[in-house]
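K.L.:
mind looking at a prediction? Sequence and model below.
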Amino acid sequence: MRGEENEKQMRKKIKVRKARIDDLEGILLVEEEAWPKGLRASQKMYESRLKTFPQGTFVAKINGKIEGVVITEIIDSELINHIRTWDEVTDNGYIRNTHNPEGDTVYGVNLSVSLSAQKRVAITLLEAVGKLVIEYNLKQGLLGGRI
(Lines give C-alpha, C1' and ligand atoms only; values in the text may rest on other atoms or scores of the structure.)
Protein backbone atom coordinates (compact mmCIF):
# COMPACT_ATOMS: atom_id res chain seq x y z
CA MET A 1 0.00 0.00 0.00
CA ARG A 2 2.83 2.37 0.85
CA GLY A 3 4.31 2.00 -2.65
CA GLU A 4 0.99 3.01 -4.20
CA GLU A 5 0.85 6.13 -2.02
CA ASN A 6 4.39 7.11 -3.06
CA GLU A 7 3.47 6.59 -6.72
CA LYS A 8 0.40 8.83 -6.35
CA GLN A 9 2.43 11.55 -4.60
CA MET A 10 5.10 11.47 -7.30
CA ARG A 11 2.43 11.68 -9.97
CA LYS A 12 0.86 14.72 -8.32
CA LYS A 13 4.19 16.54 -8.40
CA ILE A 14 4.52 16.10 -12.17
CA LYS A 15 2.47 18.68 -14.05
CA VAL A 16 2.04 18.10 -17.78
CA ARG A 17 0.73 20.79 -20.07
CA LYS A 18 0.95 21.92 -23.66
CA ALA A 19 4.20 23.73 -24.32
CA ARG A 20 4.41 27.42 -25.10
CA ILE A 21 7.05 29.42 -26.91
CA ASP A 22 8.23 30.87 -23.58
CA ASP A 23 9.14 27.30 -22.50
CA LEU A 24 11.92 27.13 -25.09
CA GLU A 25 14.78 27.89 -22.71
CA GLY A 26 13.77 25.06 -20.36
CA ILE A 27 13.06 22.68 -23.24
CA LEU A 28 16.50 23.30 -24.74
CA LEU A 29 18.17 22.61 -21.39
CA VAL A 30 16.41 19.24 -21.21
CA GLU A 31 17.34 18.51 -24.82
CA GLU A 32 20.99 19.25 -24.03
CA GLU A 33 20.94 16.82 -21.10
CA ALA A 34 19.07 14.08 -22.93
CA TRP A 35 20.89 13.94 -26.26
CA PRO A 36 24.51 14.11 -27.42
CA LYS A 37 25.63 16.81 -29.84
CA GLY A 38 24.57 15.95 -33.35
CA LEU A 39 21.28 14.40 -32.20
CA ARG A 40 19.86 17.38 -30.32
CA ALA A 41 16.98 19.33 -31.76
CA SER A 42 17.85 22.98 -32.32
CA GLN A 43 15.93 26.03 -31.18
CA LYS A 44 14.77 26.54 -34.78
CA MET A 45 13.39 22.99 -34.86
CA TYR A 46 11.45 23.55 -31.64
CA GLU A 47 10.13 26.89 -32.89
CA SER A 48 8.96 25.19 -36.08
CA ARG A 49 7.35 22.32 -34.15
CA LEU A 50 5.52 24.70 -31.81
CA LYS A 51 4.33 26.83 -34.71
CA THR A 52 3.23 23.85 -36.83
CA PHE A 53 1.41 21.79 -34.19
CA PRO A 54 1.37 23.52 -30.79
CA GLN A 55 -1.28 21.09 -29.50
CA GLY A 56 1.16 18.21 -29.96
CA THR A 57 4.01 19.41 -27.76
CA PHE A 58 3.88 18.74 -24.03
CA VAL A 59 6.21 19.65 -21.19
CA ALA A 60 6.44 17.96 -17.80
CA LYS A 61 7.25 20.24 -14.90
CA ILE A 62 8.20 19.43 -11.34
CA ASN A 63 8.26 22.31 -8.87
CA GLY A 64 8.07 24.76 -11.77
CA LYS A 65 11.08 23.34 -13.65
CA ILE A 66 10.75 21.65 -17.04
CA GLU A 67 12.00 18.07 -16.64
CA GLY A 68 10.77 16.57 -19.91
CA VAL A 69 9.23 17.27 -23.30
CA VAL A 70 7.46 15.20 -25.93
CA ILE A 71 6.82 16.33 -29.51
CA THR A 72 4.24 14.83 -31.84
CA GLU A 73 2.80 15.40 -35.27
CA ILE A 74 -0.18 13.96 -37.08
CA ILE A 75 0.51 11.88 -40.15
CA ASP A 76 -1.37 9.55 -42.45
CA SER A 77 -0.58 5.97 -41.40
CA GLU A 78 0.02 5.02 -45.05
CA LEU A 79 3.08 7.28 -44.96
CA ILE A 80 4.85 4.79 -42.71
CA ASN A 81 4.72 2.16 -45.47
CA HIS A 82 6.65 4.44 -47.84
CA ILE A 83 9.11 6.24 -45.59
CA ARG A 84 12.17 4.57 -44.16
CA THR A 85 13.83 7.14 -41.91
CA TRP A 86 12.99 9.42 -39.00
CA ASP A 87 14.28 12.38 -41.04
CA GLU A 88 11.78 11.67 -43.80
CA VAL A 89 8.74 11.23 -41.55
CA THR A 90 9.56 14.37 -39.52
CA ASP A 91 10.74 16.77 -42.23
CA ASN A 92 14.25 16.52 -40.73
CA GLY A 93 12.78 17.28 -37.30
CA TYR A 94 10.91 20.45 -38.31
CA ILE A 95 7.50 18.79 -39.07
CA ARG A 96 6.42 21.73 -41.31
CA ASN A 97 5.98 19.58 -44.40
CA THR A 98 5.01 16.27 -42.78
CA HIS A 99 2.39 17.27 -40.19
CA ASN A 100 -1.02 16.51 -41.68
CA PRO A 101 -4.01 17.73 -39.64
CA GLU A 102 -6.19 15.37 -41.74
CA GLY A 103 -4.06 12.32 -40.89
CA ASP A 104 -5.09 9.35 -38.75
CA THR A 105 -2.00 8.75 -36.63
CA VAL A 106 -0.09 10.62 -33.94
CA TYR A 107 3.63 10.17 -34.55
CA GLY A 108 5.99 10.74 -31.62
CA VAL A 109 8.83 12.83 -33.00
CA ASN A 110 10.85 13.23 -29.83
CA LEU A 111 10.85 12.40 -26.12
CA SER A 112 13.50 14.09 -24.00
CA VAL A 113 13.79 13.82 -20.24
CA SER A 114 16.26 15.45 -17.87
CA LEU A 115 18.87 13.07 -16.48
CA SER A 116 17.84 14.03 -12.94
CA ALA A 117 14.11 13.56 -13.57
CA GLN A 118 12.01 10.84 -12.01
CA LYS A 119 11.42 7.88 -14.30
CA ARG A 120 7.71 8.67 -14.02
CA VAL A 121 8.23 11.84 -16.13
CA ALA A 122 8.58 9.90 -19.39
CA ILE A 123 5.57 7.72 -18.59
CA THR A 124 3.45 10.77 -17.77
CA LEU A 125 4.42 12.44 -21.05
CA LEU A 126 3.54 9.29 -23.00
CA GLU A 127 0.17 9.20 -21.25
CA ALA A 128 -0.42 12.75 -22.54
CA VAL A 129 0.30 11.49 -26.07
CA GLY A 130 -2.22 8.70 -25.57
CA LYS A 131 -4.83 11.24 -24.50
CA LEU A 132 -4.04 13.26 -27.63
CA VAL A 133 -4.84 10.22 -29.80
CA ILE A 134 -8.20 9.93 -28.04
CA GLU A 135 -8.89 13.69 -28.15
CA TYR A 136 -8.34 13.79 -31.91
CA ASN A 137 -10.15 10.47 -32.42
CA LEU A 138 -7.19 9.00 -34.30
CA LYS A 139 -6.47 5.44 -35.35
CA GLN A 140 -3.20 5.05 -33.44
CA GLY A 141 -0.08 6.52 -31.95
CA LEU A 142 3.42 5.57 -33.05
CA LEU A 143 6.75 6.55 -31.57
CA GLY A 144 9.71 7.17 -33.81
CA GLY A 145 13.39 7.20 -33.06
CA ARG A 146 16.58 8.48 -34.60
CA ILE A 147 18.67 5.60 -33.32
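P.N.:
Done, it's in. Numbering: from 1, shown residues only.
K.L.:
hey, let's count contacts and neighbours off CA atoms from now on
P.N.:
Fine.
K.L.:
ok, the closest residue to residue 57 other than its chain neighbours - contacts?
P.N.:
Spatially, and ignoring its direct neighbours in sequence, residue 57 is nearest to residue 71 (4.5 Å; CA to CA, 6 or more residues apart in numbering). By CA atoms under 8 Å, 6 or more residues apart in numbering, the residues touching residue 71 are 49, 56-58, 108-111.
K.L.:
wasn't residue 132 part of a helix?
P.N.:
Yes. Assessed by DSSP: H, G, I helix; E, B strand; the rest coil, residue 132 belongs to a helix.
K.L.:
when you give positions from now on, start the count at 9
P.N.:
Taking 9 as the first residue, the last one we looked at is residue 140.
K.L.:
and it, what does it touch?
P.N.:
Shown in contact with residue 140 (CA under 8 Å, 6+ apart): 64, 114.
K.L.:
mind checking how far it is from residue 113?
P.N.:
Between residue 140 and residue 113 the computed distance is 10 Å (CA to CA, to the nearest Å).
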